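Peer 1: have a look; sequence and predicted model below, questions after that.
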Amino acid sequence: MNSFLPRTLFTLCALTLIAALAVAATASPRPGSEGSDRKARPGKSEPLVIAHRGASGYRPEHTLAAYELGARMGADYVEPDLVSTRDGVLVARHENEISTTTDVASHPEFASRKTTKSIDGVSLTGWFTEDFTLAELKTLRAKERIPAIRQRNTIYDGRYEVPTFQEVMDLTRRLSRELRRPIGIYPETKHPTYFRSIGLPLEEPLVKALRRNKLDGRKDRVFVQSFEIRNLERLDREIDTPLVQLLGSRTSKPYDETVAGGSRTYADLATGPGLRAVARYADGVGPPKDYIVPRDASGRSLAPTSLVEDAHAAGLLVHPYTFRNENVFLPAELRSSPDPAAYGNAIAEYEQFFSLGVDGLFSDNPDTGVEARSGP
């Protein structure tokens, strides 16, 4: 008996190891895993929940408070949009025009800075980050961008500064230690062609910041996204970080495509050939929700498209945007009442997209996304 037992255990262990190796050799890699076309894309067994501009359903967007709350609610990543100051510092704002997200209009010392500019072909009047030094921006305070829908968020108006990209990275590093799980960062370059045209390119300081913080790699918890093409192509040559091509409205064109005289629309990028072209420089696509589940004229959901399947066939991850709890953002069949600010059945929308195979999604309410991901 003493000699039989070791031989039996050895045989069972050997058979188990052989079976495991056979399964590993034949399994198809999930899009975004280490075995896909491009080098070592980050992946996980469940879809990511990305705190869109932080937990912006509960705090003014792009503030350290919003990012921290998003992480504490269970988000895997936080998303800062990046623009530049006059002295070349990357800061987190959804747009470089800041009258709707800060109290700049109430600062008489900056009244003369109000101006009109053409940003990506659109005329805008207001105050712009590139006309302020970082020190000047730090005297401003954030406010809720859509107070009519998120009136409760307005109680936090005036409390939070405009954060730098470095401050956001420092925050995610601290929270990763405190929460004992990695909190990723998912920056977006805003209007990169415009900023390059005024001598404040975003790519160079972004690359330097990622390298300085040892975040330039495919095993790091970082994605970089953009609505422009050449911006991502330039970054693809500079850093080994997963890149995501954002998609805008179907009939519009990436601004750098317009400047270059090209004809490609975002709808073209979402076709089979377009997705394969994107896969040459990027690792994923970030489409609006209606690229995956369209809506009819009344706002009701139509049958899903094949975008997720097509993108996966091209080797691309799919991270749609933006999931929000309020009725005004939900399909008609999931709204709870005519009140646009009331919550509807947002969990049902998350569950549908998870069932369609998305690899992650952007949410203003990351706690709702995490809850939906966990199942009933």
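Peer 2: Arrived safely, thanks for sending. Numbering: from 1, shown residues only.

Peer 1: low-confidence stretches in the stretch 101-250 of the chain?
Peer 2: Counting by pLDDT under 70, the stretch 101-250 of the chain contains no low-confidence range.

Peer 1: strands along that one, start to end?
Peer 2: Counting by DSSP state E, counting those that start in this stretch, the stretch 101-250 of the chain has strands at residues 115-119, 122-126, 184-185, 188-189, 224-226, 243-246.

Peer 1: which residues sit against the fifth one?
Peer 2: When contacts are taken as C-beta atoms under 8 Å, 6 or more residues apart in numbering, the neighbours of strand 224-226 outside the stretch itself are 186-189, 192, 206, 232, 235, 239, 241-246, 286. C-betas here are computed from N, CA, C, even on glycine.

Peer 1: one more: the last one?
Peer 2: Residues outside strand 243-246 that contact it (C-beta under 8 Å, 6+ apart) are 188, 223-227, 229, 232, 235-236, 269, 278, 281-287, 317, 319, 321.

Peer 1: next structured bit after that strand?
Peer 2: Where DSSP states H and E defines the elements, the next helix or strand beyond strand 243-246 is helix 255-259.

Peer 1: Pro60: which element?
Peer 2: Here Pro60 is assigned to no helix or strand, by DSSP H and E.

Peer 1: how much space separates the nearest residue to it once chain neighbours are set aside from Thr129?
Peer 2: Excluding its sequence neighbours, the residue lying closest to Pro60 (C-beta to C-beta, 6 or more residues apart in numbering) is Ala142, at 4.4 Å. Using C-beta to C-beta, to the nearest Å, Ala142 is found at 13 Å from Thr129.

Peer 1: and Glu61, which of the strands of the stretch 101-250 of the chain is closest to it?
Peer 2: Closest approach to Glu61 among the strands of the stretch 101-250 of the chain (C-beta to C-beta): strand 188-189, 12.5 Å.

Peer 1: quick one: distance of that closest one to the chain centre.
Peer 2: Put simply, strand 188-189 sits 9 Å off its chain's centre (C-alpha atoms, centre = their mean, to the nearest Å).

Peer 1: before we move on, the earlier item: tally of neighbours for the residue nearest to Pro60?
Peer 2: Ala142 is flanked by 27 other residues according to other C-beta atoms under 10 Å.

Peer 1: contact partners for it?
Peer 2: Ala142 sits next to 60-63, 101-102, 157, 159-162 when contact means C-beta under 8 Å, 6+ apart.

Peer 1: with neighbour count added, can I get the residues you listed in CSV?
Peer 2: Shown next, in CSV, are these (neighbours: other C-beta atoms under 10 Å):
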residue, neighbour count
Pro60, 26
Glu61, 27
His62, 29
Thr63, 26
Thr101, 21
Thr102, 26
Asp157, 15
Arg159, 13
Tyr160, 19
Glu161, 17
Val162, 26
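
Peer 1: and which of those is nearest to Gly344?
Peer 2: Glu61 (20.8 Å).

Peer 1: so the closest one touches Ile98, yeah?
Peer 2: No - taking contacts as C-beta atoms under 8 Å, Glu61 lies outside contact range of Ile98: 11.7 Å.

Peer 1: hang on, the earlier thing: reformat the contacts of Ala142 as CSV; add distance to Asp216.
Peer 2: Below are those laid out as CSV (distance: C-beta to C-beta, whole Å):
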residue, distance to Asp216
Pro60, 30
Glu61, 27
His62, 23
Thr63, 26
Thr101, 29
Thr102, 31
Asp157, 36
Arg159, 33
Tyr160, 29
Glu161, 27
Val162, 25
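
Peer 1: which one of these is nearest to Arg335?
Peer 2: So of the contacts of Ala142, ranked by how close each gets to Arg335 (C-beta to C-beta), first place is Glu61, at 23.1 Å.

Peer 1: please name the nearest non-neighbouring residue to that closest one.
Peer 2: For Glu61, the spatially nearest residue (C-beta to C-beta, 6+ apart) is Arg53, at 3.8 Å.

Peer 1: what does Leu215 give?
Peer 2: Val222 (4.9 Å).

Peer 1: picking that back up, ranking the strands of the stretch 101-250 of the chain by burial, who's on top?
Peer 2: strand 224-226 (a mean of 26; mean count of other C-beta atoms under 10 Å).
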